[in-house]
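>>> I need the structure of the sequence given here:
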Amino acid sequence: GFLTREERRRLEGLHSPYNKFWVPCAWFAALAGQARREGRVRDDCALKLLMEELNRFRAHCPPLFHYDWISVPLVYTQVVTIAVYTFFLTCLIGRQFLDPAQGYAGHELDLGVPVFTLPPLFFYVGWLKV
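Alright, predicted model coming up:
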């Protein structure tokens with residue numbers, strides 16, 4: 001409902017490798033100039049205010065384009081990295097074999113290599129790097 005069918009056809013007919021958010025802004029500027037010439041906009045100060053509002057609107061469009069262009073936020077990859085390494089640190093400590101019958105004083109950690117924790121570690125860290 002923001003565009004007429006003719007405007008949509010013209011916008012889709014414009015071939016550009018970049019986002020075309022600026023085209024309606026150019027249309028607005030041309031229509032504002034035409035409205036001034038026809039006397040629909042009373043004076044140059046009113047036209048200046050219209051153009052300043054357009055420029056303010058246009059200043060907020062490129063960040064939206066960047067949000068669309070960068071599909072995964074950088075924070076997401078950092079959170080996933082921290083989660084994977086925390087998970088495996090917890091697994092490294094939590095999967096230690098402690099035999100209470102052996103009488104470990106204070107239940108110290110068994111410093112053996114947790115063999116069954118290593119394949120998932122390699123899999124998830126490799127997957128994380130992809």
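>>> please make it C-alpha for all contacts and neighbour counts, starting now.
OK.
>>> what's the lengthiest helix in the chain packed up against?
Ranked by residue count under DSSP state H, the longest helix found in the chain is helix 44-69. With contacts taken as 3 or more C-alpha pairs under 8 Å, 6 or more residues apart in numbering; DSSP states H and E, helix 44-69 sits against helix 22-38.
>>> just to revisit the earlier point, just want the angle from the longest helix of the chain to helix 22-38.
170 degrees (axes from the mean of the first three to the mean of the last three C-alpha atoms, to 10 degrees).
>>> helix 44-69: what's the following helix or strand?
helix 74-94 (DSSP states H and E).
>>> report how many residues lie close to Val130.
6 (other C-alpha atoms under 10 Å).
>>> repeat that for Leu3.
10.
>>> residues in contact with Asp43?
Arg36 (C-alpha atoms under 8 Å, 6 or more residues apart in numbering).
>>> any idea how far it lies from Gly33?
In this view, Asp43 and Gly33 are 11 Å apart by C-alpha to C-alpha, to the nearest Å.
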